[in-house]
Structure formats: structure tokens, C-alpha cells
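1. below is the sequence, then the predicted model.
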2 protein chains.
Amino acid sequence: MKRNTWQREAVRDALTESEGFVSAQALHTALRDAGSAIGLATVYRALADLAGTGDADSLQQDGESLFRACTPDSHHHHLICRNCGTTVEIKADAVEEWAKNVAAEHGFTEPHHIVDVFGLCPACSST
Amino acid sequence: MKRNTWQREAVRDALTESEGFVSAQALHTALRDAGSAIGLATVYRALADLAGTGDADSLQQDGESLFRACTPDSHHHHLICRNCGTTVEIKADAVEEWAKNVAAEHGFTEPHHIVDVFGLCPACSST
DNA sequence: ACTCTATTGATAACGAATCTCATTACCGCT
DNA sequence: AGCGGTAATGAGATTCGTTATCAATAGAGT
């Protein structure tokens, strides 16, 4: 049975409050700085849960996993500022179709895809 | 000045011979098993060089970097079997355009993008 | 309240990747 | 062909993100 703990809520809230993608370690540090006594392992576990249930999206950059609270039950991609992490959710049905077709054309089944666009957001571009 | 060593050649050859994406460690093990006395650090260095010059593409999966010899000077994406690693190179100008436009629409500059499709290749699908 | 057990958290363990630095060997030069 | 400087190598140590361990804690149904 799954239990509700204040730790899980804290991680969920912290994720929701952050602008873009954040690392597990950064989240943990932020929570500790905010006075919480949450453990690092718990942050990792909570994030894995959120990613598993679809309440958070994750991506890998420089060998570390970054997470972000996302609108659930809605497949989308991300436009991410590689400087400050600010993220915009992107809907791209055309890309979904394309990925599916490409896989089918080569006889590949169970297609998944990773599609992310990185760049510098307007704020970071102007500096 | 850059020197040519048999180690670099060995890594390049081993990469070229492998069907799909391979990890640095797997390549190192393969080379050692083949009788080569190459060091792990050297494999990492050679792969980084190849990726830097555009002779190899890389992607991150499960927190480790995978590499593959690729046709140089040709931007493309990959269709990868998540079971055996077999890879097909994909040209997708439509996706390039889409990524560029999406970035521009939101005022993002210097757009890069990561687009990879995973699935099970015909051989792995049938088992 | 009481029990049962999922969850927590400090720390150890793990693994990929990088760094260190003494040794090696590539390559331009004579 | 021989020499010299110097980029490259490699074994091991180190860093860093993530996961496993396990005793202690605290949800939740009764």
C-alpha cells in the first residue's frame, strides 16, 4: 500500500515551484535550505515515483538526471534554456507521427522517442 | 600538434565495426578481449575526440554515454533498438525545420536539438 | 491506542567518467 | 637513421551522481 508522507508532498511542491528542469541534488539542497530535514535518498525516491506516474518528466544532461513537474496525461516535448533551465512545454503532433512512421518503415516495434530542443531563452540571449 | 597512435586507430576501427551504439567500457572490454593492451582512459579520450570532430555521434542512456561511428558532415538522427543496439541513421529535414521554428517562436537562440527514436528492431521484435 | 509494514534517512557501496603524473613513443628535424 | 621535445598513454586514485543497506520511524486500517 502506498502511504502519503510529508516528504513526498514537499518534493512535489518544490518541483512545481521551480521554473525549469532541476537536478535531484539541487532540489535536495533547496529543501534543506528551506528548513526541511528531508534526506537525499528520499528525494531520489520521490522523483522516481513522480516520473513513474507521469507527474514529472525527466531528461539527462551531462550525465545527470533533471526533473520537472509536467502537465500529466499529455505527451509533450520541451524547449529548454541551457543556461538558466527555463522550460517551455511544446506540443508537436507532427513529430509524434513522424517518429511512429519512421519506426514502422524500418520494422521497429514499440517506438518511444526522445525529442528535446535546447537553446538560450530571450533573457539569457541578451546578456 | 595532434599525433596518430595505433590506439586511436584501434578505437576508430572498433567503433566502425560495431553495429550500433556502444559504451566506452564495452568498447574497452572488446579491445582487451581482442588482445589489445589499450587503457580505459585512452578509450574515453579517443571517443571524446571522435565525437568532437564529428566522426562519431553520442547519446546518453541510463546515465552512461553511448557512441557510434557516423557518416561525417551529415546531420541525422537515429532509430535505435533498445535491446541489441542496432541503429539506423535517419534523415529528417522536416524535424530540423520544426526545431528551428519552435525555438524562434519562443525567442530562443542558438537552437540545438536531441531527437532519437527507440524501439525493437525486427529481429528483437520476433523473439 | 495498537499493530503492521511502508517509508525514511545516514551512510556505505557502486559505477561511470575524469584527473594525475611518471613513462612511452610519435614525428619533425637534422 | 638518430635525436629531442612533447603529445599521448595507462594504472590507479579521485570525483560525483545514484542506488542499496538496514535499523528506526511513522502512516493507516482495526
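-> That came through, no problem.
2. and chain A, which residues reach DNA strand D?
-> Within reach of DNA strand D by Cβ under 7 Å from any atom of the strand, chain A has these residues: A:1, A:3-6, A:23-25, A:40-41, A:44, A:48, A:63-65. For every residue, glycine as well, the C-beta is placed using N, CA and C.
3. same thing but 6 Å
-> Residues of chain A lying close to DNA strand D (Cβ under 6 Å from any atom of the strand) are A:3-6, A:23-25, A:41, A:44, A:64-65.
4. how about the nearest residue to A:Q25 once chain neighbours are set aside, what does it touch?
-> Nearest in space to A:Q25, with sequence neighbours left out and distances taken as Cβ to Cβ, 6 or more residues apart in numbering or on different chains, is A:L40 at 7.4 Å. By Cβ atoms under 8 Å, 6 or more residues apart in numbering or on different chains, the contact set of A:L40 is A:24-25, A:28.
5. which among the residues of chain A next to DNA strand D count as buried?
-> A:23-24, A:44, A:65 (16 or more other Cβ atoms under 10 Å in any protein chain shown).
6. of all the residues you listed, which two lie farthest apart?
-> Across these, the longest distance by Cβ to Cβ is 10.5 Å; it joins A:S23 and A:Y44.
7. in strands, which of the residues of chain A next to DNA strand D appear?
-> A:23, A:64-65 (DSSP state E).
8. now for chain A, the helix or strand with the poorest mean pLDDT.
-> helix A:122-125 (a mean of 92; mean pLDDT, DSSP states H and E).
9. may I see the buried residues of that helix?
-> Counting neighbours by 16+ other Cβ under 10 Å, helix A:122-125 gives A:C124 as buried.
10. does anything pack onto it? Which helices or strands?
-> The contact analysis (3 or more Cβ pairs under 8 Å, 6 or more residues apart in numbering or on different chains; DSSP states H and E) places helix A:122-125 against no helix or strand.
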